[in-house]
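Colleague: let's see this in three dimensions:
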Amino acid sequence: MFRRSASDLSERLTEGPIINSLLRLAWPVMLSNLLQTMYNFVDRFWLARLGKVEIAALAISWPLIFLVLSLGAGVTVAGTALVAQYTGARRFEEANLAAGQVLAFTGIIAIVLAAAGFFAARPILSIMGAEPALTDAATGYLRVIYAGIPLMFGTFIVTALLNGVGDTITPMILMAVSVGVNLILDPFFIFGWGPFPAWGVIGAAVATVLSRGLLALIGFTLLFTGRLGIHIRPRHLKLRWEIVRRIISIGGLSSIGQTGTAIGFSIMNGALARIGTVVLSAFGIGNAFISIVLMPAMGLGQATATVVGQNLGADRPERARRGAWAGMSLSTVILVLASIVVLIFRTNLIRFFLTDPDVVAVGTQMLLLVSFAFPFMGIIQVVAGVYQGSGHTFYSMFFALFRLWALRVPLVYLLGFTFGMGATGVWWAMFASNFGTAVLSLGFFLSGNWIHRVIKEPPLTGKAGA
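Modeller: Next up is the predicted model:
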């Protein structure tokens, strides 16, 4: 079932119709991301039965989780870029070596972050100004998630390495298994079904860590057996600093961008918490639907990264350029259609989770304003994928930081507090930041500054092509 040749996968991406290659890569990523979103959907579905404080606990916790996860996810971007370009250049042993180095280096980072996050959870939540009941609920949830960071990082590593070699189907299958386990475990740990204690919001965190840990263990087993186009051996895990420096130079910038994004979202959530728990609950629910809508763009962004990386590695820059344009075009068409659907059904979408009239009113307004920004969000995702696949992650970092720090955070405080618009000002800030960043990122893309590869000659090992 799980056996794919790196050579065969590379030929499929550097030859033939580009749109076919993009769609073949993108649909499993879309489905994987949709399945991943189901973690939050399932958690919100069950926790809504307990009350709006539990829902708000997830909403205020997520940026803090993303803050830690972004460091690992950013480093694994280097894995995608290096594995894709070495595979496109048909230097397969170097692709295996790069994969092992990413795994070892990211594992060290995960252990350090797990310890730091566990102890910092409550102080950070207190600084954000949440109500005492919300702080207590979110602290318990965060500490369990942070303790499981090494297992959760494993899912990023497996997905990034396999995406680099052009295999997006296996991560999709593994994610489906993991979501299924989470779906089963959630009510047992949240409500105390059977012999289990009723842990509430903490139970949702336990179910998430266990299910993601299962995904990581299966994925690592497959990577070390060489059945997926990548074959990591023990010798590949001994850190080689010349490769680690390259991983840091590529992935570190992406980590900074994602970390800055997470901090920006944390500040925005802090602003929403000060406006009120009702607004934060509405944002958490609305954001869950936004995540689903963005699945196609995220899938096309990752597919574009792989296509760009492998074609630059194969010294086919014009094919890489055509792949980037195809990804943006497909994303725009899909998200325009998604905007129309959300606009029509926005009230029903919020009521799916909560019927509280205040939450429904605020959430409906949020979806009304933010849905117009969906196509611009798609452009940002695909252009970021272009720069990540080419290995020029400074620009994807810059776009992420510009969106949050130059536009969104200042606008949230200007419109929401200075101008007294409250939640409405926050929704307008979200729209404006996505529009402005889409225009900026498209301008950089048109400059062509991304269209050269980052892998170096001569090979890092003497076994290129082995």
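
Colleague: those helices in the stretch 351-466 of the chain, which residues are they?
Modeller: Counting by DSSP state H, counting those that start in this stretch, the segments of the stretch 351-466 of the chain that form helices are 357-370, 374-390, 393-401, 409-413, 423-447.

Colleague: hmm, who's touching the third one?
Modeller: Contacts to helix 393-401, defined as Cβ atoms under 8 Å, 6 or more residues apart in numbering, come from residues 74, 77-78, 81, 250-251, 253-254, 256-258, 260-261, 380, 383-384, 387-388, 437, 440-441, 444, 449-450. Glycine gets a C-beta too; all of them are placed from N, C-alpha and C.

Colleague: which non-adjacent residue is nearest I145?
Modeller: Leaving aside its sequence neighbours, I145 sits nearest to A205 (Cβ to Cβ, 6 or more residues apart in numbering; 5.0 Å).

Colleague: contact partners for the one you found?
Modeller: 140-142, 144-145, 148.

Colleague: most neighbours of all these, which one?
Modeller: For the contacts of A205, neighbours were counted using other Cβ atoms under 10 Å, and Y141 has the most, 30 neighbours in all.

Colleague: what's the helix or strand hosting it packed up against?
Modeller: If you go by DSSP states H and E, Y141 is part of helix 132-147. Packing contacts for helix 132-147, counted by 3 or more Cβ pairs under 8 Å, 6 or more residues apart in numbering; DSSP states H and E, involve helix 52-88, helix 92-127, helix 201-225.

Colleague: coming back round to it: quick check: which of the helices of the stretch 351-466 of the chain is buried the most?
Modeller: helix 374-390 (a mean of 27; mean count of other Cβ atoms under 10 Å).

Colleague: check which helices and strands that one is in contact with.
Modeller: helix 52-88, helix 295-313, helix 317-351, helix 393-401, helix 423-447.

Colleague: between that helix and helix 52-88, how big is the angle?
Modeller: 40 degrees (axes from the mean of the first three to the mean of the last three Cα atoms, to 10 degrees).

Colleague: only C-alpha atoms, please: export helix 374-390 in PDB.
Modeller: Provided in PDB are the C-alpha atoms of helix 374-390 (Å, rounded to 0.1, in the frame of the first residue of the first chain):
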ATOM      1  CA  PHE A 374     -11.100  35.000   0.900                       C
ATOM      2  CA  PRO A 375      -9.600  35.400  -2.700                       C
ATOM      3  CA  PHE A 376      -6.800  37.700  -1.300                       C
ATOM      4  CA  MET A 377      -6.000  35.100   1.400                       C
ATOM      5  CA  GLY A 378      -5.600  32.500  -1.400                       C
ATOM      6  CA  ILE A 379      -3.100  34.700  -3.300                       C
ATOM      7  CA  ILE A 380      -1.100  35.100  -0.100                       C
ATOM      8  CA  GLN A 381      -1.000  31.300   0.500                       C
ATOM      9  CA  VAL A 382       0.100  30.400  -3.000                       C
ATOM     10  CA  VAL A 383       2.800  33.100  -3.200                       C
ATOM     11  CA  ALA A 384       4.100  32.000   0.100                       C
ATOM     12  CA  GLY A 385       4.300  28.500  -1.300                       C
ATOM     13  CA  VAL A 386       6.300  29.800  -4.200                       C
ATOM     14  CA  TYR A 387       8.900  31.300  -2.000                       C
ATOM     15  CA  GLN A 388       9.000  28.300   0.400                       C
ATOM     16  CA  GLY A 389       9.500  25.900  -2.500                       C
ATOM     17  CA  SER A 390      12.300  28.000  -4.000                       C
END
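
Colleague: let me know the helix or strand that the nearest residue to L67 once chain neighbours are set aside is in.
Modeller: Distances taken as Cβ to Cβ, 6+ apart place A262 nearest to L67, at 3.6 Å, with adjacent residues excluded. Following DSSP H and E, one finds A262 within helix 241-275.

Colleague: give me every residue that touches A57.
Modeller: A57 sits next to 47, 134, 137-138, 141, 201 when contact means Cβ under 8 Å, 6+ apart.

Colleague: averaged over its residues, which helix or strand of the protein has the lowest pLDDT?
Modeller: Across the helices and strands of the chain, mean confidence by mean pLDDT, DSSP states H and E is lowest for helix 6-14: a mean of 57.

Colleague: flag the shaky bits of the protein, pLDDT-wise.
Modeller: Counting by pLDDT under 70, the chain contains low-confidence ranges at 1-14, 130, 457-466.

Colleague: one step back: which two among the contacts of A205 are spaced furthest apart?
Modeller: Greatest spacing in these, by Cβ to Cβ: G140 and G148 (13.4 Å).

Colleague: so which of the helices and strands packed on helix 132-147 is the most packed in?
Modeller: Note that of these, helix 52-88 is the most buried (mean count of other Cβ under 10 Å), with a mean of 27.

Colleague: and it, how far out from the chain's middle?
Modeller: Centroid displacement of helix 52-88 relative to its chain, using Cα atoms, centre = their mean, to the nearest Å, is 5 Å.

Colleague: please apply the same query to stretch 266-281.
Modeller: 22 Å.

Colleague: next: stretch 89-103.
Modeller: That offset, for stretch 89-103, works out to 23 Å (Cα atoms, centre = their mean).

Colleague: swap in stretch 364-373?
Modeller: For stretch 364-373, the distance to the chain centre is 22 Å (Cα atoms, centre = their mean).

Colleague: ok, residues contacting that stretch?
Modeller: Contacts for stretch 364-373 (Cβ under 8 Å, 6+ apart): 282-283, 286, 289-290, 293, 338-339, 342-343, 346-347, 349-350, 423-424, 427-428, 430-431, 434-435.

Colleague: let's go with 6 Å and repeat that
Modeller: Residues outside stretch 364-373 that contact it (Cβ atoms under 6 Å, 6 or more residues apart in numbering): 286, 339, 342-343, 346-347, 350, 427, 430-431, 434.
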